[in-house]
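[1] pasted the sequence and its predicted model underneath.
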Amino acid sequence: MKGFKNCKLCEWRCGVNRLEGETGVCRVGLPEVAYTSLAYILKSYSITFLGCSFKCLYCNAYRISQYPDTGWIYRGYIEPEKMAKEALDCLKGPIAKRIGADRLSFTGGEPTIHTPYIEELVETIKRSKPSMEVGVATNGFTTMKTLKRLLRIVNFINFEIKAFNDETHRNLTGAPSEPVLRNATYLAEKTPEKIRVFRTVVIPGITDREVPMIAEFLSEINKEISYRLIGFRPNFVLYYHRGPSKTLMEDLVKKCKKKGLKNVDYSGYYPLKIKDPIYYLKKLGCPPPRNCGECKFKNECRITLMEPWLFK
(Lines give C-alpha, C1' and ligand atoms only; values in the text may rest on other atoms or scores of the structure.)
Protein backbone atom coordinates (compact mmCIF):
# COMPACT_ATOMS: atom_id res chain seq x y z
CA MET A 1 0.00 0.00 0.00
CA LYS A 2 2.81 2.36 -0.92
CA GLY A 3 0.34 4.78 -2.51
CA PHE A 4 -0.50 6.06 0.97
CA LYS A 5 3.10 7.16 1.66
CA ASN A 6 2.82 10.25 -0.54
CA CYS A 7 -0.93 10.32 -1.03
CA LYS A 8 -2.08 11.82 -4.31
CA LEU A 9 -5.03 9.52 -4.94
CA CYS A 10 -7.63 12.28 -5.25
CA GLU A 11 -7.39 15.68 -6.89
CA TRP A 12 -6.41 17.42 -3.66
CA ARG A 13 -3.01 15.71 -4.11
CA CYS A 14 -2.13 16.40 -0.46
CA GLY A 15 1.13 14.41 -0.55
CA VAL A 16 0.84 13.34 3.11
CA ASN A 17 2.23 10.09 4.52
CA ARG A 18 -0.95 8.33 5.62
CA LEU A 19 1.04 5.25 6.66
CA GLU A 20 2.55 7.38 9.43
CA GLY A 21 -0.79 8.87 10.49
CA GLU A 22 -0.54 12.14 8.55
CA THR A 23 -3.84 13.37 7.15
CA GLY A 24 -4.96 15.64 4.34
CA VAL A 25 -8.37 16.92 3.33
CA CYS A 26 -10.01 13.51 3.81
CA ARG A 27 -8.77 13.45 7.44
CA VAL A 28 -7.93 9.71 7.43
CA GLY A 29 -4.63 7.88 7.69
CA LEU A 30 -4.79 4.12 7.16
CA PRO A 31 -7.98 2.91 5.45
CA GLU A 32 -10.63 2.35 8.10
CA VAL A 33 -13.85 0.40 7.71
CA ALA A 34 -17.07 1.81 9.15
CA TYR A 35 -19.06 -1.38 8.72
CA THR A 36 -19.83 -4.19 6.30
CA SER A 37 -23.20 -5.46 5.15
CA LEU A 38 -25.02 -7.59 2.63
CA ALA A 39 -26.60 -5.07 0.26
CA TYR A 40 -29.96 -6.34 -0.97
CA ILE A 41 -30.25 -3.91 -3.90
CA LEU A 42 -26.77 -4.51 -5.32
CA LYS A 43 -26.75 -8.21 -4.36
CA SER A 44 -23.31 -7.71 -2.87
CA TYR A 45 -21.12 -7.80 0.19
CA SER A 46 -20.63 -4.09 0.77
CA ILE A 47 -17.63 -2.56 2.55
CA THR A 48 -18.22 0.99 3.77
CA PHE A 49 -15.08 3.08 4.30
CA LEU A 50 -14.57 6.07 6.57
CA GLY A 51 -13.47 9.47 5.27
CA CYS A 52 -14.19 11.49 2.15
CA SER A 53 -12.53 13.98 -0.17
CA PHE A 54 -15.70 16.13 -0.08
CA LYS A 55 -17.49 17.93 2.72
CA CYS A 56 -21.02 17.94 1.29
CA LEU A 57 -23.59 20.09 3.08
CA TYR A 58 -26.29 17.47 2.59
CA CYS A 59 -24.38 14.24 3.27
CA ASN A 60 -26.69 11.56 4.67
CA ALA A 61 -23.66 9.65 5.98
CA TYR A 62 -21.79 12.60 7.47
CA ARG A 63 -20.78 10.68 10.62
CA ILE A 64 -18.91 8.34 8.29
CA SER A 65 -17.68 10.78 5.65
CA GLN A 66 -16.46 13.39 8.16
CA TYR A 67 -14.76 10.88 10.45
CA PRO A 68 -12.87 11.25 12.79
CA ASP A 69 -14.17 14.75 13.51
CA THR A 70 -17.69 13.50 14.25
CA GLY A 71 -16.43 11.49 17.21
CA TRP A 72 -18.16 8.20 16.40
CA ILE A 73 -16.32 4.89 16.77
CA TYR A 74 -16.32 2.28 14.00
CA ARG A 75 -14.55 -0.98 13.14
CA GLY A 76 -11.30 0.69 12.08
CA TYR A 77 -8.39 -0.72 10.12
CA ILE A 78 -8.68 -4.37 9.07
CA GLU A 79 -5.85 -6.17 7.30
CA PRO A 80 -6.80 -6.76 3.61
CA GLU A 81 -6.31 -10.53 3.95
CA LYS A 82 -8.63 -10.69 6.96
CA MET A 83 -11.23 -8.51 5.23
CA ALA A 84 -11.05 -10.70 2.12
CA LYS A 85 -11.66 -13.86 4.16
CA GLU A 86 -14.59 -12.24 5.95
CA ALA A 87 -16.15 -11.20 2.64
CA LEU A 88 -15.76 -14.65 1.08
CA ASP A 89 -17.13 -16.40 4.16
CA CYS A 90 -20.15 -14.10 4.29
CA LEU A 91 -20.92 -14.58 0.59
CA LYS A 92 -20.98 -18.34 1.17
CA GLY A 93 -23.47 -17.98 4.00
CA PRO A 94 -27.25 -18.55 4.07
CA ILE A 95 -28.28 -14.89 4.07
CA ALA A 96 -26.17 -14.13 0.99
CA LYS A 97 -27.65 -17.12 -0.79
CA ARG A 98 -31.19 -16.11 0.16
CA ILE A 99 -30.86 -12.61 -1.34
CA GLY A 100 -28.65 -13.68 -4.24
CA ALA A 101 -25.57 -11.73 -3.14
CA ASP A 102 -22.54 -12.88 -5.10
CA ARG A 103 -20.31 -9.85 -5.62
CA LEU A 104 -18.27 -7.24 -3.77
CA SER A 105 -18.91 -3.49 -3.57
CA PHE A 106 -17.19 -0.53 -1.95
CA THR A 107 -18.88 2.60 -0.67
CA GLY A 108 -18.41 5.23 2.01
CA GLY A 109 -17.54 7.98 2.69
CA GLU A 110 -15.45 7.87 -0.45
CA PRO A 111 -13.83 4.49 -1.23
CA THR A 112 -11.50 5.73 -3.95
CA ILE A 113 -9.29 7.52 -1.40
CA HIS A 114 -8.41 3.98 -0.27
CA THR A 115 -7.61 2.57 -3.72
CA PRO A 116 -4.33 0.75 -2.81
CA TYR A 117 -6.18 -1.11 -0.04
CA ILE A 118 -9.02 -2.02 -2.42
CA GLU A 119 -6.50 -3.31 -4.97
CA GLU A 120 -4.83 -5.56 -2.40
CA LEU A 121 -8.16 -6.82 -1.06
CA VAL A 122 -9.55 -7.61 -4.51
CA GLU A 123 -6.31 -9.32 -5.56
CA THR A 124 -6.54 -11.54 -2.47
CA ILE A 125 -10.18 -12.43 -3.13
CA LYS A 126 -9.60 -13.20 -6.80
CA ARG A 127 -6.92 -15.73 -5.93
CA SER A 128 -9.76 -17.77 -4.42
CA LYS A 129 -12.57 -16.63 -6.69
CA PRO A 130 -11.33 -15.16 -10.00
CA SER A 131 -14.88 -14.57 -11.27
CA MET A 132 -15.85 -12.27 -8.39
CA GLU A 133 -17.42 -9.04 -9.71
CA VAL A 134 -16.44 -5.79 -8.00
CA GLY A 135 -18.21 -2.44 -7.85
CA VAL A 136 -17.54 0.99 -6.41
CA ALA A 137 -19.65 4.07 -5.63
CA THR A 138 -17.73 7.32 -6.05
CA ASN A 139 -17.95 11.10 -6.08
CA GLY A 140 -15.60 11.05 -9.08
CA PHE A 141 -12.91 13.30 -7.55
CA THR A 142 -9.99 10.97 -8.30
CA THR A 143 -6.87 11.75 -10.25
CA MET A 144 -6.85 10.22 -13.71
CA LYS A 145 -4.14 7.81 -12.57
CA THR A 146 -6.33 6.57 -9.71
CA LEU A 147 -9.33 6.23 -12.00
CA LYS A 148 -7.37 4.04 -14.41
CA ARG A 149 -6.17 1.88 -11.52
CA LEU A 150 -9.75 1.37 -10.40
CA LEU A 151 -10.93 0.52 -13.89
CA ARG A 152 -8.50 -2.38 -13.98
CA ILE A 153 -10.20 -4.08 -11.02
CA VAL A 154 -13.88 -3.02 -11.01
CA ASN A 155 -16.78 -4.27 -13.12
CA PHE A 156 -19.29 -1.53 -12.35
CA ILE A 157 -19.27 2.05 -11.06
CA ASN A 158 -21.96 4.22 -9.47
CA PHE A 159 -20.80 7.74 -10.26
CA GLU A 160 -22.37 10.77 -8.59
CA ILE A 161 -22.27 14.18 -10.24
CA LYS A 162 -23.25 16.60 -7.48
CA ALA A 163 -23.56 19.66 -9.73
CA PHE A 164 -22.47 20.89 -13.16
CA ASN A 165 -21.81 24.55 -12.40
CA ASP A 166 -18.46 24.96 -10.65
CA GLU A 167 -19.70 27.55 -8.15
CA THR A 168 -22.64 25.37 -7.12
CA HIS A 169 -20.38 22.33 -6.86
CA ARG A 170 -17.89 24.21 -4.67
CA ASN A 171 -20.65 25.60 -2.44
CA LEU A 172 -22.13 22.13 -1.91
CA THR A 173 -18.97 20.02 -1.64
CA GLY A 174 -16.01 22.33 -1.08
CA ALA A 175 -14.37 21.04 -4.27
CA PRO A 176 -14.26 22.05 -7.97
CA SER A 177 -16.41 20.26 -10.53
CA GLU A 178 -13.86 20.06 -13.36
CA PRO A 179 -12.09 16.83 -12.26
CA VAL A 180 -15.46 15.13 -11.74
CA LEU A 181 -16.71 16.10 -15.20
CA ARG A 182 -13.36 15.11 -16.74
CA ASN A 183 -13.57 11.66 -15.17
CA ALA A 184 -17.23 11.26 -16.12
CA THR A 185 -16.29 12.04 -19.73
CA TYR A 186 -13.46 9.50 -19.69
CA LEU A 187 -15.70 6.78 -18.28
CA ALA A 188 -18.52 7.45 -20.72
CA GLU A 189 -16.20 7.52 -23.72
CA LYS A 190 -13.70 4.78 -22.84
CA THR A 191 -15.54 2.27 -20.63
CA PRO A 192 -19.31 2.84 -20.86
CA GLU A 193 -19.92 -0.85 -20.09
CA LYS A 194 -18.59 -0.27 -16.55
CA ILE A 195 -21.03 2.53 -15.73
CA ARG A 196 -23.87 1.13 -13.68
CA VAL A 197 -25.38 4.59 -13.31
CA PHE A 198 -24.64 8.28 -13.11
CA ARG A 199 -26.71 9.96 -10.42
CA THR A 200 -27.53 13.35 -8.94
CA VAL A 201 -29.28 14.22 -5.70
CA VAL A 202 -32.12 16.65 -6.44
CA ILE A 203 -32.14 19.47 -3.87
CA PRO A 204 -34.97 21.95 -4.59
CA GLY A 205 -33.66 25.42 -5.36
CA ILE A 206 -30.05 24.20 -5.48
CA THR A 207 -29.38 21.23 -7.77
CA ASP A 208 -32.70 21.00 -9.61
CA ARG A 209 -31.48 23.64 -12.06
CA GLU A 210 -28.22 21.70 -12.48
CA VAL A 211 -29.91 18.48 -13.60
CA PRO A 212 -30.77 19.53 -17.20
CA MET A 213 -27.19 20.76 -17.65
CA ILE A 214 -25.80 17.43 -16.45
CA ALA A 215 -28.23 15.58 -18.72
CA GLU A 216 -27.12 17.61 -21.73
CA PHE A 217 -23.47 17.02 -20.80
CA LEU A 218 -24.00 13.24 -20.62
CA SER A 219 -26.19 13.13 -23.72
CA GLU A 220 -23.48 14.75 -25.82
CA ILE A 221 -21.15 11.90 -24.86
CA ASN A 222 -23.49 8.90 -24.96
CA LYS A 223 -27.29 9.07 -25.15
CA GLU A 224 -27.62 5.50 -23.81
CA ILE A 225 -26.02 6.29 -20.45
CA SER A 226 -28.13 5.50 -17.39
CA TYR A 227 -28.91 8.59 -15.29
CA ARG A 228 -30.81 8.42 -11.99
CA LEU A 229 -32.17 11.34 -10.00
CA ILE A 230 -32.22 10.81 -6.24
CA GLY A 231 -34.71 12.74 -4.14
CA PHE A 232 -32.92 14.75 -1.45
CA ARG A 233 -33.61 13.74 2.14
CA PRO A 234 -33.01 16.59 4.62
CA ASN A 235 -29.76 15.92 6.45
CA PHE A 236 -26.62 17.40 7.98
CA VAL A 237 -26.26 21.17 7.32
CA LEU A 238 -29.37 21.09 5.10
CA TYR A 239 -31.45 19.34 7.75
CA TYR A 240 -34.20 21.96 7.51
CA HIS A 241 -34.16 22.27 3.72
CA ARG A 242 -37.23 20.78 2.05
CA GLY A 243 -37.14 17.71 -0.15
CA PRO A 244 -38.41 17.54 -3.77
CA SER A 245 -42.01 16.84 -4.72
CA LYS A 246 -43.02 13.98 -6.97
CA THR A 247 -44.05 16.54 -9.60
CA LEU A 248 -40.57 18.09 -9.57
CA MET A 249 -38.88 14.71 -9.95
CA GLU A 250 -41.13 13.68 -12.86
CA ASP A 251 -40.65 17.06 -14.52
CA LEU A 252 -36.86 16.76 -14.30
CA VAL A 253 -36.96 13.28 -15.86
CA LYS A 254 -38.87 14.77 -18.81
CA LYS A 255 -36.35 17.60 -19.15
CA CYS A 256 -33.47 15.13 -19.14
CA LYS A 257 -35.08 13.09 -21.88
CA LYS A 258 -35.62 16.24 -23.93
CA LYS A 259 -31.87 16.75 -23.73
CA GLY A 260 -31.47 13.41 -25.53
CA LEU A 261 -30.83 10.94 -22.71
CA LYS A 262 -32.82 7.73 -23.16
CA ASN A 263 -32.34 5.98 -19.80
CA VAL A 264 -33.47 8.38 -17.07
CA ASP A 265 -35.35 7.52 -13.89
CA TYR A 266 -35.84 8.85 -10.38
CA SER A 267 -36.28 7.53 -6.86
CA GLY A 268 -37.52 9.30 -3.76
CA TYR A 269 -39.62 12.42 -3.22
CA TYR A 270 -41.47 14.26 -0.48
CA PRO A 271 -45.29 14.10 -0.51
CA LEU A 272 -47.19 17.37 -0.42
CA LYS A 273 -49.95 15.77 1.63
CA ILE A 274 -49.54 13.85 4.85
CA LYS A 275 -50.42 10.17 4.54
CA ASP A 276 -51.71 7.88 7.28
CA PRO A 277 -50.00 4.54 8.14
CA ILE A 278 -52.58 2.49 6.20
CA TYR A 279 -51.45 4.11 2.94
CA TYR A 280 -47.85 3.00 3.48
CA LEU A 281 -48.86 -0.49 4.60
CA LYS A 282 -50.90 -1.00 1.44
CA LYS A 283 -47.98 0.16 -0.70
CA LEU A 284 -45.87 -2.54 0.92
CA GLY A 285 -48.45 -5.29 0.64
CA CYS A 286 -48.60 -5.46 4.42
CA PRO A 287 -52.28 -6.03 5.28
CA PRO A 288 -53.71 -4.09 8.25
CA PRO A 289 -54.42 -4.61 11.07
CA ARG A 290 -50.83 -5.69 11.65
CA ASN A 291 -50.02 -8.79 13.64
CA CYS A 292 -46.36 -9.61 13.12
CA GLY A 293 -46.57 -12.76 15.24
CA GLU A 294 -49.04 -14.44 12.88
CA CYS A 295 -48.06 -12.78 9.58
CA LYS A 296 -47.35 -15.17 6.71
CA PHE A 297 -44.50 -12.87 5.64
CA LYS A 298 -42.77 -12.79 9.05
CA ASN A 299 -39.71 -14.65 7.74
CA GLU A 300 -39.40 -12.27 4.79
CA CYS A 301 -40.93 -9.06 6.10
CA ARG A 302 -42.01 -6.56 3.44
CA ILE A 303 -41.10 -3.68 5.76
CA THR A 304 -37.59 -4.70 6.78
CA LEU A 305 -36.64 -5.41 3.17
CA MET A 306 -38.02 -2.13 1.83
CA GLU A 307 -35.55 0.60 0.99
CA PRO A 308 -37.37 3.94 1.42
CA TRP A 309 -36.24 5.37 -1.91
CA LEU A 310 -38.09 2.60 -3.78
CA PHE A 311 -41.44 4.20 -2.95
CA LYS A 312 -43.04 5.98 -5.88
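    Now that the structure is in, tell me what you want to look at.
[2] drop to CA atoms for contacts and neighbour counts, all remaining ones
    OK.
[3] which residue is nearest the middle of the protein?
    residue 137 (4.1 Å; CA atoms, centre = their mean).
[4] for that residue, which non-adjacent residue is closest in space?
    Spatial nearest neighbour of residue 137, excluding adjacent residues (CA to CA, 6 or more residues apart in numbering): residue 158 at 4.5 Å.
[5] give me every residue that touches the residue nearest to the centre of the chain.
    Applying CA atoms under 8 Å, 6 or more residues apart in numbering, one finds that residue 137 lies in contact with 105, 106, 107, 108, 110, 111, 157, 158, 159, 160.
[6] pick the one among these closest to residue 25.
    residue 110 (12.1 Å; CA to CA).
[7] that closest one and residue 288: what is the separation?
    41 Å (CA to CA, to the nearest Å).
[8] of these two, which one has the most company?
    residue 110 (24 against 10; other CA atoms under 10 Å).
[9] distance-wise, check the nearest residue to that one once chain neighbours are set aside relative to residue 118.
    In space, and not counting its chain neighbours, residue 110 is closest to residue 52: 4.6 Å by CA to CA, 6+ apart. Distance, residue 52 to residue 118, using CA to CA: 15 Å.
[10] the more surrounded of those two?
    Taking neighbours as other CA under 10 Å, residue 52 and residue 118 compare with residue 52 leading, 27 against 22.
[11] got the contact list for the more buried one?
    When contacts are counted by CA under 8 Å, 6+ apart, residue 52 touches 26, 27, 65, 66, 108, 109, 110, 111, 113.
[12] run a quick neighbour tally on the spatially closest residue to the second one that is not a sequence neighbour.
    Counting by CA to CA, 6+ apart, residue 51 is the residue found nearest to residue 27 once chain neighbours are left out, at 6.5 Å. Neighbours of residue 51 under the rule other CA under 10 Å: 30.
[13] what's the separation between residue 51 and residue 84?
    Taking CA to CA, one finds residue 51 at 21 Å from residue 84.
[14] residue 62 contacts residue 236, correct?
    Yes. Using CA atoms under 8 Å, residue 62 makes contact with residue 236 at a distance of 6.8 Å.
[15] between those two, which one's more packed in?
    When residue 62 and residue 236 are compared for neighbours, residue 62 comes out ahead with 22 against 16, by other CA under 10 Å.
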